[in-house]
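Participant: here is a sequence together with a model predicted from it:
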Amino acid sequence: MKEYLISVIIPTRNRQLYAKAAVRQIISISDKIEVIVHDNSDDESLRDSLKDLMDLSQLKYVFIKERISAVDNYNYAAEMATGEYFIAIGDDDCLLPSVIECALWMKRNNIDAIKPNKDIKYWWPDISDRNYKVRQGYLSCGLFSNNYRISNPMNGVLKLLDQGGQDYLNLDLVNSYHGLVKTDRMREVKKLTGRFYGGCSPDIYSAVCLSMLPNMKVVTIDVPISIPGICAKSTSSASGKGKHIGKLEDAPHFIGMKDRYNWNSIVPRIYSVETIWAECFLHALNDLNRQDLYKKFRRDKLYKAIIKNNPSNREQILKIIGKEADMNVVQILFMDISRTINRVITIGKRIVDRAAKRRYGSSPCRDIQEAETCILNLMIENNCLDLWNELI
């Protein structure tokens, strides 16, 4: 049996066009890469489109017709990995040849994981809406220095606690999704938790679990090893269109789960990017028996992130937070909102005051009062005052 340097898993469902291109591109890089495709599509058309590659030992293709969750799709694919190093990507992504050099560098220096620069993206030609106006394929790429630094992933976990589970991609966490990790360290996670991936979002769960393993030697490198893709069916595209907000029961993350999902009570029962990240982070801590870290979790920052990032749903969000959150956190949130409103009123006064001085050479009190009245009327028209009264 051939030994592979890298195993790349591609869990996929009903995105055959992109997955086909991803598989062919990765296989063309090197025969040192094992490509594992776990297909949960409604039909086997992906298998048909890869028929000429099926005899290659480096391609492992499995089709499962029964609907399973995205997390299970990742777990089944990860079980099949035999390479020394492991990376997971989406079916609309691809790898760069630099992944081989990176793995060999890790091997020479006994590095457990690397976190690469991801300032590179590919927009597929089917992205064309008000947020992503792309008629042809488009590659965006930042600048890379080729520098590296040793990271402490536990610092990333502590920072994530302080940020209410938000913006984990910008922290010093170990990523198996678009990051390269020793496969043996992935197996340590399974030994501890019973699975490679868990919660309702596989990437953040894996990042937290890997980051909390003892003696993880992690290096952040300022060079990419893969290209994340954005297509019309991708979650990145849905997020850009504002579709990642709504009732928790409608979240696609739970489709195909065999058992009822136990949602952490610390997180508001709202479907949004912010709540999915936070809940999955806490889910990982729970599976690692680190509930002692819950006390460091900043719920107020989670609430603020939900409100700030979903302005069109603020009334619904605030009502749910007001019902579910403990009063200490709500008081903090209300005080922060009050300070913001006071700043808005103050700024409004100043604007009118300056305009009046330019026009009349003085500052009539009537204009300032009108400015404040106008702002308060806008608040009342949007039911903001009643909502804040409910919260306190």
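Facilitator: Arrived safely. The structure displayed is predicted, hence computed values, not measured ones.

Participant: OK, contacts around residue 154?
Facilitator: Residue 154 makes contact with 211, 212, according to CB atoms under 8 Å, 6 or more residues apart in numbering. Heads up, the C-betas are built off the backbone N, CA and C, glycines and all.

Participant: got the buried residues for the helix or strand encompassing it?
Facilitator: Per DSSP states H and E: residue 154 is located in helix 153-162. Of all the residues in helix 153-162, those buried under the rule 16 or more other CB atoms under 10 Å are 153, 154, 156, 157, 160, 161.

Participant: contacts for the one helix or strand residue 35 maps to, please.
Facilitator: Using DSSP H and E, residue 35 sits within strand 33-39. For strand 33-39, contacts defined as CB under 8 Å, 6+ apart pick out 4-13, 19, 23, 26-27, 46-47, 50, 58-64, 73-74, 76-77, 80-83, 95, 99-100.

Participant: returning to that earlier point: farthest pair within the buried residues of helix 153-162?
Facilitator: Maximum pairwise distance among the buried residues of helix 153-162 (CB to CB): 13.2 Å, between 153 and 161.

Participant: returning to what we had before: tabulate the buried residues of helix 153-162 (TSV), appending pLDDT and distance to residue 123.
Facilitator: Formatted as TSV, the buried residues of helix 153-162 follow (pLDDT from 0 to 100; distance: CB to CB, whole Å):
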residue	pLDDT	distance to residue 123
153	96	31
154	96	35
156	96	29
157	97	32
160	97	29
161	97	34
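
Participant: and of those residues, the nearest to residue 278?
Facilitator: Nearest to residue 278 among the buried residues of helix 153-162: residue 160, at 9.2 Å, using CB to CB.

Participant: any idea how far residue 280 is from the closest one?
Facilitator: The gap separating residue 160 from residue 280 is 11 Å, by CB to CB, to the nearest Å.

Participant: what touches both of the two?
Facilitator: residue 208.

Participant: show me where the stretch 201-350 of the chain has helices.
Facilitator: 202-211, 235-240, 273-287, 299-309, 314-324, 327-360 (DSSP state H, counting those that start in this stretch).

Participant: of those helices, which shows the lowest average pLDDT?
Facilitator: Ranked by mean pLDDT, these bottom out at helix 235-240, which scores a mean of 46.

Participant: in terms of pLDDT, where does residue 131 sit?
Facilitator: With respect to pLDDT, residue 131 scores 50.

Participant: C-alpha coordinates for stretch 137-152, CSV please?
Facilitator: Only the C-alpha atoms of stretch 137-152 are listed here, as CSV (Å, rounded to 0.1, in the frame of the first residue of the first chain):
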residue,chain,number,x,y,z
GLY,A,137,-14.1,33.8,-12.7
TYR,A,138,-12.1,36.2,-10.5
LEU,A,139,-9.0,35.6,-8.3
SER,A,140,-8.2,38.1,-5.6
CYS,A,141,-4.8,37.8,-4.0
GLY,A,142,-3.0,39.8,-1.3
LEU,A,143,0.7,40.2,-0.7
PHE,A,144,2.8,37.5,1.0
SER,A,145,6.2,37.9,2.7
ASN,A,146,7.1,34.2,3.2
ASN,A,147,7.8,35.0,6.8
TYR,A,148,6.8,32.7,9.7
ARG,A,149,6.4,32.8,13.4
ILE,A,150,5.8,30.3,16.2
SER,A,151,2.2,30.5,17.5
ASN,A,152,0.7,29.6,20.9
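
Participant: tell me the mean pLDDT over that stretch?
Facilitator: What stretch 137-152 shows for mean pLDDT is 90.

Participant: circling back: turn the buried residues of helix 153-162 into CSV, columns for distance to residue 316.
Facilitator: Putting these into CSV (distance: CB to CB, whole Å) gives the following:
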residue, distance to residue 316
153, 36
154, 36
156, 32
157, 31
160, 26
161, 27
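
Participant: closest to residue 305 out of those residues?
Facilitator: residue 160 (12.3 Å).

Participant: wait, what's in contact with the residue lying closest to residue 38 once chain neighbours are set aside?
Facilitator: Spatial nearest neighbour of residue 38, chain neighbours left out: residue 77 (3.8 Å); criterion: CB to CB, 6 or more residues apart in numbering. When contacts are counted by CB under 8 Å, 6+ apart, residue 77 touches 9, 10, 11, 36, 37, 38, 62, 88.

Participant: out of those, what pair is the most spread apart?
Facilitator: Using CB to CB, the contacts of residue 77 span at most 15.2 Å, a distance reached by 62 and 88.

Participant: so for those two, which sits in the more crowded spot?
Facilitator: Ranked by neighbour count (other CB atoms under 10 Å), residue 62 and residue 88 place residue 88 first, with 28 against 14.

Participant: the more buried one contacts residue 78, doesn't it?
Facilitator: Yes. Counting by CB atoms under 8 Å, residue 78 is a contact partner of residue 88 at 7.4 Å.
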